[in-house]
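J.: With the sequence up front, the predicted model follows.
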Amino acid sequence: MSELFKSVQADLFRINGEHFSLGALYRGLKSKGFRFLLCYRFASLSNNFVIKLVSRILIRHYTFKFGFQIPLQTKIGKGFFIGHFGTIVISANATIGNNCNIAHNVTIGSARGKRSGAPIIGNTVWIGTGAVLVGKITIGDNVLIAPNAFVNFDVPAHSIVLGNPGKIIPRNDPTEFYINNIMNFS
């Protein structure tokens, strides 16, 4: 199975827990986030020049229509879920793991100076509305970044980050009930 199909299948599964079928694809296309991601996957993973070109044109259209600014150079794992349309800005140098959720008005950006670089985000991370993650930081697996949190520091796995400035609270199951329809990639 190709990497493209695996990624699309995982992204689609995150929408409503359905495995790939034409009906599931049709229902998934009602989601603005999935529509954008489908074009993103085709533009970055397809070997067909025409499909890549059409996907890039659609990405440009959706960038203005939905406010998603996610460059094709951004490394995004399988099962990515965009919960709502609205401004989302992600650095081309950022890395996002598998089964991650992102809400609207989120910025994942590069920084200069002491923390020069872009975030590396682990698997099963939930990023709430208005959160800002900047600089060369590492977010561990199974982390919940609360709405409006400002994160410019490393976050260990199994944690919640609250507030501005962010405060880390260790927790065994921070993303339980926040991240649904997780697909296992082992």
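T.: Noted; the coordinates are in hand.
J.: Next, the contact list for the residue positioned nearest the centre of the chain, please.
T.: When CA atoms, centre = their mean is applied to the chain, the residue found nearest the centroid is F80 (4.7 Å). F80 sits next to 11, 14, 37, 96, 100, 102 when contact means CB atoms under 8 Å, 6 or more residues apart in numbering. From N, CA and C alone the C-beta is placed, and that goes for glycine too.
J.: thinking Y40 is in contact with L72, fair?
T.: Yes - assessed by CB atoms under 8 Å, Y40 is found in contact with L72 at 6.9 Å.
J.: can you count the residues close to the residue nearest to A118 when sequence neighbours are not counted?
T.: Counting by CB to CB, 6 or more residues apart in numbering, the nearest residue to A118 once its immediate chain neighbours are dropped is N93, at 3.7 Å. Counted by other CB atoms under 10 Å, the residues lying close to N93 total 17.
J.: does N93 sit in a helix, a strand or a coil?
T.: Assigned with DSSP: H, G, I helix; E, B strand; the rest coil, N93 falls in the coil class.
J.: That one and K114: what is the separation?
T.: Separation of N93 from K114 (CB to CB, to the nearest Å): 16 Å.
J.: In which helix or strand does T107 reside?
T.: Assessed by DSSP states H and E, T107 sits inside strand 106-109.
J.: Identify the residues contacting that strand?
T.: Outside strand 106-109, the residues that touch it by CB under 8 Å, 6+ apart are 88-91, 94, 96, 118-119, 121, 127-134.
J.: The chain: helices as residue ranges?
T.: Along the chain, counting by DSSP state H, helices occupy 3-16, 22-28, 32-45, 49-66.
J.: and M183, which of those is closest to it?
T.: helix 3-16 (4.7 Å; CB to CB).
J.: In terms of secondary structure, what does that closest one contact?
T.: Applying 3 or more CB pairs under 8 Å, 6 or more residues apart in numbering; DSSP states H and E, we find helix 3-16 packed against helix 22-28, helix 32-45, strand 81-82.
J.: Indicate which one of those is closest to F64.
T.: Closest of the helices and strands packed on helix 3-16 to F64 is helix 32-45, at 11.4 Å (criterion: CB to CB).
J.: Domain ranges for this protein, per the record?
T.: Domain assignment for the chain by automatic domain parsing gives 1-66, 70-176.
J.: Just the terminal-to-terminal distance for the longest one.
T.: Taking CA to CA, to the nearest Å as the measure, domain 70-176 stretches 26 Å from start to finish.
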